[in-house]
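>>> task: produce atomic coordinates for the following.
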Amino acid sequence: MPSVIFETDYTLALQVRSAKQGVHYVIIPKKDIKNIGELSAEDAPYLLDIFAVIQHLITDKALSSYRVITNGPGFQDVTYLHFHLVAK
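Next comes the predicted model:
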């Protein structure tokens with residue numbers, strides 16, 4: 001079960017247990033944005049905050065080997081924009 005490990009007014013960061021990927025966080029905006037293809041100028045504060053949260057996690061958890069991933073509609077298991085931060 002994912003657990004919230006960090007939260008701002010715009011973003012939730014969840015830790016997901018993953019046997020495959022080691023450290024795995026899912027970062028989600030608190031606005032219903034379906035995918036990158038549906039972003040608008042009004043979504044800019046959410047995206048800026050998402051990347052600030054990702055940077056916070058990288059620094060706070062001392063991550064050095066990591067990837068940030070998002071998927072489009074054909075590859076999403078859920079129908080909202082979210083980012084995966086995975087590390088060894």
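
>>> CA-only coordinates of the helix or strand Ile50 falls within, as PDB, when you get a sec.
Following DSSP states H and E, the helix or strand that holds Ile50 is helix 44-60. Once non-C-alpha atoms are left out, helix 44-60 reads as follows in PDB (Å, rounded to 0.1, in the frame of the first residue of the first chain):
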ATOM      1  CA  ALA A  44       2.200  25.600 -14.700                       C
ATOM      2  CA  PRO A  45       2.200  26.000 -10.900                       C
ATOM      3  CA  TYR A  46       1.500  22.300 -10.500                       C
ATOM      4  CA  LEU A  47       4.300  21.300 -12.800                       C
ATOM      5  CA  LEU A  48       6.800  23.600 -11.100                       C
ATOM      6  CA  ASP A  49       5.800  22.200  -7.800                       C
ATOM      7  CA  ILE A  50       6.100  18.600  -9.000                       C
ATOM      8  CA  PHE A  51       9.600  19.200 -10.000                       C
ATOM      9  CA  ALA A  52      10.400  21.000  -6.800                       C
ATOM     10  CA  VAL A  53       9.100  18.000  -4.900                       C
ATOM     11  CA  ILE A  54      11.100  15.600  -7.000                       C
ATOM     12  CA  GLN A  55      14.200  17.800  -6.300                       C
ATOM     13  CA  HIS A  56      13.400  17.700  -2.600                       C
ATOM     14  CA  LEU A  57      13.100  13.900  -2.600                       C
ATOM     15  CA  ILE A  58      16.400  13.500  -4.500                       C
ATOM     16  CA  THR A  59      18.200  15.700  -2.000                       C
ATOM     17  CA  ASP A  60      16.400  14.500   1.100                       C
END
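
>>> direction included, what does the helix or strand just after it pair up with?
Reading on from helix 44-60 to the C-terminus, the next helix or strand found by DSSP H and E is strand 66-69. Listed by DSSP bridges, the sheet partners of strand 66-69 and their directions read strand 83-87 (antiparallel).

>>> name the single longest strand found in this structure.
Determined from DSSP state E, the single longest strand within the chain is strand 23-29.

>>> elements contacting it?
Counting by 3 or more C-beta pairs under 8 Å, 6 or more residues apart in numbering; DSSP states H and E, the packing neighbours recorded for strand 23-29 are strand 11-15, helix 44-60, strand 83-87. (Each C-beta comes from the backbone N, C-alpha and C, glycine too.)
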